[in-house]
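*Asks:* Coordinates for the following, if possible.
(one chain, ligands or ions: 1)
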Amino acid sequence: MKYTDIISKMTIEEKAAFLSGKGEWQTREIERLGIPSIFCSDGPHGVRKQAGAGDHLGLNESLPATCFPTAATVANSWDEELGETMGEALGEEAMALGVNVLLGPGLNIKRSPLCGRNFEYFSEDPYLAGKMAASYVRGIQSKGVYACPKHFAVNSQELRRMAMNAVVDERTLREIYLTGFEIAVKEGKAKTIMSAYNEVNGVYANENKHLLKDILRDEWGFDGIVITDWGASNDHALGVAAGSNLEMPNPGLGSARELIEAVKSGKISETDVDERVDELLDAVMTLYVNAQDKPDTFDKDAHHELARRVSAESSVLLKNENGILPLKKGAKVAIIGDFAFDPRYQGAGSSLVNVTKLETVTGIVGEYDLQVVGMSRGYNRSGEEDAAMKKEALDLAAGADIVLYFFGLNEDSESEGMDRTHMRIPQNQITLLQELGQANPNLVGVISAGSAIEMPWHHYFKAILHCYLNGQAGAGAVLDILTGKVNPSGKLSESIPRRLEDTSCFRYYPSRERTSEYREGLYVGYRYYEKKGLPVLYPFGFGLSYTNFSYSDAEIIPGKNETADSSGGIRVTVKNVGDTDGAEVVQVYVGLPGAKVFRPEKELKGFKKVFLKAGESKTVTIPFDDKTFRYFNVKTDKWEIEEGTYEIRVGASSADIKLFLKCHVDGTTDILPYDMEKLPSYYSGNIENVPDTEYEELLGRVIPDGRWSGQLSENDAFCQMYYAKSGLARLVYKKLTKMKKKADESGKPDLNTLFIYNMPFRAMAKMTGGAVDKEMVHGIVKMVNGHFFSGLGKVIGGYFRNSSKNKAYEKLLSNTK
Ligand code: BGC
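*Replies:* Numbers count the residues shown, from 1 in each chain. As a prediction, the model looks like this:
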């Protein structure tokens, strides 16, 4: 331990209090020992520093900061350098705004396109997600601010996100859900990490020793601090024993009291507490020093320009028939769509940024060499049909050579706190599109959406540019691409399936029970579609350019040895064979035909974005690393390599493989993890209806019972009051559901209601600044379960006991001041 001197002077009350937040965003200072307080803020694509009343739902305004494109967008750049540059800007702004820990990036795996927070996450692929996250982390931390990759781990569902148990087999956990974090920690050197709300295999992520100790600290060598997601702590003492440092946001002194009791009763040791205090002290002291004499401003214009560049390099051209794009100089265009006036450039929730300025297409199109015949909103954002608006748009379309149609997912379609129920865009936008198609065949679509959507209408367009959620300078980036000032180079970081029913977890997601069973195993995104031979609309890694590239001379560079950790790799020559400068993303996928251990057809194991002038060619080298050939063997409980001749495929997308190479690699064990006969679904990829017996075989244990029992517990969510014995509780449930429904219908998600709806009872003791403690929560749950009077007694008695214990604690703290 580094701070033994300070720790030896701290009372147990000070240590315990230090390990939980003092308010929405800050840690507790201990003046007498010179321990300062540090400030945390969201978030992943822009700083959300709240100067006034704090909340973790993006409700109250924050100080102006640059709103960069969200992670789902930037992942499409496949450009680690760009990610790092953006990270630097985020770090600079955080520092200028007095933020020490930036709560991001988010890198949960996009298990289903329905997850309401997919816009905040990078990819369906852990390698890409990890590399991009690591690049942000490096950038942010280079400015003296700590990054906080989140949400560790297996947090791929918003529905009852705080009261959900992710049941996932060890191999899937390691290969799909943890690999990204591993890269962010090992390569990004992240100094903090946020533990997720959910349980992972029956243990809350924040008190999961397997995750926080065995894997994060012992295997990956993480030497930073673990911060709970806001309200994610269940049992603080167990969290501390498992390696979690800081409970956020403001449990008052209740959690600290629990910690002291746990030490007294021997539930945890004081050494655990001391170790966590030591790690937290290291962070607090370092961050405090880092922040001395730092500038308190940042260059708003330069960051706006950077946001534009990031957006331009992350937009994906999905279609471009007859070279309709780039638009010719002076092209006669009609601009149609509400999004051209009021862009949808970020998502709702804790990541919401208060922009420094906001570009709109209609506001800046005048700066481009285009003849605009008119601009019309065309459709109502709320989804309602509006005949007059439609007519205006159709008249404009008829008088233009080309129609630029701006459309996509509305604000209420995707948000933190809720999952989508389908993958469609609003029908009124589709109806208008169909009619526009009749008025003018030269349609160019510009999509804003934070996650994959069904596109059964894609044939109406000659060109489609998918911009995801492209930040405050997105409009300029779009126009730069449409007019050819920028050559698009984004590639999809997720597959776009033809329909929701094609997704691998369609039958399992979101879980309606208390457990979410990850029965599809490794088969997420392209890993599933390829294994199954299921066509998708646009494959993972796909994106067009205004130029073309040729690939040649691919070869394996031999490593020092042919086994793990070989420093070998592949070398390939890429040439820009068109007449426009542009960038290509070279992708390397690895597969093992005839593998004894089931696996996807191929998996992304390397990539490199390379810029080439027209006619230029470059030799690109992509090294192998420790992840190239490995799989997690559940029998040896280690990463192993299966011996065989691997296929190394080099291509421009997962579906556009240009060159095949072969490479023999020695194995590391003869112990096979599985009995092939017993896992037919996983060997074939037919994982849509995995029978219980087979899933248990994969899990290596009995499937936990996820059904709701008659009695609700502290860890059940408010929305489960549907099952409550107490009529009053059911009434509260009905009222809450009504409020949620009303908000849903209004077109803007009500994050407060959503949060409460999905919040477990225990969170009341974690987020009320000490007003409610565990005993009172027990009382409330008793009442909900039909024991009204004994429950009420506990609540009332608990209230007084809690207040006096809090006072006594505060007195102890002030005595040591
Ligand atoms: C979110 C986190 C966020 C935190 C603080 C939580 O509800 O899940 O991603 O960082 O709030 O705003």
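
*Asks:* can you give me the strands for the stretch 151-300 of the chain?
*Replies:* Here the stretch 151-300 of the chain has its strands, by DSSP state E, counting those that start in this stretch, at 165-167, 192-195, 199-200, 203-204, 225-228.

*Asks:* Looking at these, which is nearest to the ligand?
*Replies:* Comparing the strands of the stretch 151-300 of the chain by their distance to the ligand (C-beta to the nearest ligand atom), the top pick is strand 192-195, with 6.5 Å. C-beta coordinates here come from the backbone N, C-alpha and C atoms, glycine included.

*Asks:* which other residues reach the closest one?
*Replies:* 101, 103, 146-152, 181, 185, 204-206, 208, 211-212, 216, 222, 224-229, 232, 239, 244, 283 (C-beta atoms under 8 Å, 6 or more residues apart in numbering).

*Asks:* can you give me the helices in the stretch 401-550 of the chain?
*Replies:* Taking DSSP state H, counting those that start in this stretch to define them, one finds helices in the stretch 401-550 of the chain at 427-439, 474-482, 526-532.

*Asks:* what's the helix or strand for residue 790?
*Replies:* helix 788-815 (DSSP states H and E).

*Asks:* Also residue 84?
*Replies:* When elements are assigned from DSSP H and E, residue 84 belongs to helix 80-96.

*Asks:* partners of the helix or strand following that helix, with directions?
*Replies:* Later in the chain than helix 80-96, the nearest helix or strand by DSSP H and E is strand 101-102. Here strand 101-102 is paired, per DSSP bridges, with strand 40-41 (parallel), strand 146-147 (parallel).

*Asks:* among the helices of the stretch 401-550 of the chain, which is nearest residue 265?
*Replies:* Set against residue 265 and scored by C-beta to C-beta, those come closest in helix 526-532, at 46.5 Å.

*Asks:* Can you give the distance from the closest one to the centre of its chain?
*Replies:* Its chain's C-alpha centre and that of helix 526-532 lie 22 Å apart, by C-alpha atoms, centre = their mean, to the nearest Å.

*Asks:* do the same with stretch 585-602
*Replies:* On C-alpha atoms, centre = their mean, the centre of stretch 585-602 falls 25 Å from that of its chain.

*Asks:* What of stretch 658-668?
*Replies:* 32 Å.

*Asks:* What residues of it count as buried?
*Replies:* 658, 661, 663, 665, 668 (16 or more other C-beta atoms under 10 Å).

*Asks:* In strands only, show me those residues.
*Replies:* Per DSSP state E, strands hold the following members of the buried residues of stretch 658-668: 658, 661, 663, 665.

*Asks:* could I get the buried residues of stretch 658-668 as CSV with pLDDT?
*Replies:* Below are those laid out as CSV (pLDDT from 0 to 100):
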residue, pLDDT
658, 97
661, 97
663, 93
665, 94
668, 97
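
*Asks:* Taking these, tell me the two that lie furthest apart.
*Replies:* Longest span within these, C-beta to C-beta: 658 and 668, 30.5 Å.

*Asks:* Can you get me a residue count around residue 769?
*Replies:* Residue 769 has 17 neighbouring residues, counting by other C-beta atoms under 10 Å.

*Asks:* Then the one 5 residues further on?
*Replies:* Residue 774 has 21 neighbours, counted by other C-beta under 10 Å.

*Asks:* Backbone dihedrals for it, both of them.
*Replies:* Phi and psi for residue 774, reported as degrees, to the nearest 10, are phi -60, psi -40.

*Asks:* Settle this for me: it is touching residue 764, isn't it.
*Replies:* No: counting by C-beta atoms under 8 Å, residue 764 is not a contact partner of residue 774; they are 9.4 Å apart.

*Asks:* I'd like the distance between the residue of the stretch 601-750 of the chain found nearest the ligand and residue 636.
*Replies:* Using C-beta to the nearest ligand atom, the closest approach of the stretch 601-750 of the chain to the ligand is made by residue 749 at 13.5 Å. Using C-beta to C-beta, to the nearest Å, we find residue 749 at a distance of 46 Å from residue 636.

*Asks:* Residue 482 now?
*Replies:* As for residue 482, its distance to residue 636 is 54 Å (criterion: C-beta to C-beta).

*Asks:* Looking at those two, which is more packed in?
*Replies:* In this view residue 482 and residue 636 are compared by other C-beta under 10 Å, and residue 482 has more residues nearby, 27 against 14.

*Asks:* helix/strand/coil for the closest residue in space to the more buried one that isn't next to it in sequence?
*Replies:* Nearest residue to residue 482, sequence neighbours excluded (C-beta to C-beta, 6 or more residues apart in numbering): residue 327, at 5.6 Å. Under DSSP: H, G, I helix; E, B strand; the rest coil, the three-state class of residue 327 is coil.

*Asks:* Thanks a lot, catch you later.
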